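Student: coords below, sequence missing:
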Ligand code: CO
């Protein structure tokens, strides 16, 4: 089952500028972290009840590059929900006609925990990520 909101992700054209804006607004902002397997560099903004993930393309075929081509100023990219058991949840979504992106198997995400992404055409146009708590 879904147990909470882990983060909201924003694709940004200038990661350092975005990070410094959130720092200036008084938020706790992490160092940049390269996630080669996901083709992104991420910065996390810690909030009392959730996080904001700032996403920037990394490498040749980053999934974020095409998004930024369409949205040059950046934009809301996905939301990430905490789930108790990611294998169980991928079974539940498949049974409900929702496709899991990629090979359907979890990858290790930014927090060292398994994550999957769901096909946005199957989830009201919003890209959803599950992270196992
Ligand atoms: Co995310």
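Tutor: Sure thing, it's come through. Here the structure is a predicted model, which means the values were calculated and not measured.
Student: so where's the chain uncertain?
Tutor: The chain contains no residues with pLDDT under 70.
Student: what does it have sitting close to the ion?
Tutor: 9, 53, 80, 129 (C-beta under 5 Å from the ion). (Glycine included, C-beta is placed from N, CA and C.)
Student: Among these, which are located in strands?
Tutor: Residues of the residues of the chain next to the ion located in strands (DSSP state E): 9, 53, 80, 129.
Student: now the residues you listed as TSV including distance to residue 105?
Tutor: Shown next, in TSV, are these (distance: C-beta to C-beta, whole Å):
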residue	distance to residue 105
9	21
53	21
80	17
129	14
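Student: and the two most separated of those residues?
Tutor: Farthest-apart pair in these is 53 and 129; separation 9.2 Å (C-beta to C-beta).
Student: Find residues that contact each of those two.
Tutor: Counting by C-beta atoms under 8 Å, 6 or more residues apart in numbering, the residues touching both residue 53 and residue 129 are 9, 80.
Student: Those two - which one has more neighbours?
Tutor: Between residue 53 and residue 129, counted using other C-beta atoms under 10 Å, residue 53 has the larger neighbour count: 24 against 20.
Student: Show me where this protein has its helices.
Tutor: Under the criterion DSSP state H, the chain contains helices at 15-24, 63-70, 86-95.
Student: Turn those helices into JSON lines, including mean neighbour count.
Tutor: Formatted as JSON lines, the helices of the chain follow (neighbours: other C-beta atoms under 10 Å):
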{"stretch": "helix 15-24", "mean neighbour count": "15"}
{"stretch": "helix 63-70", "mean neighbour count": "15"}
{"stretch": "helix 86-95", "mean neighbour count": "14"}
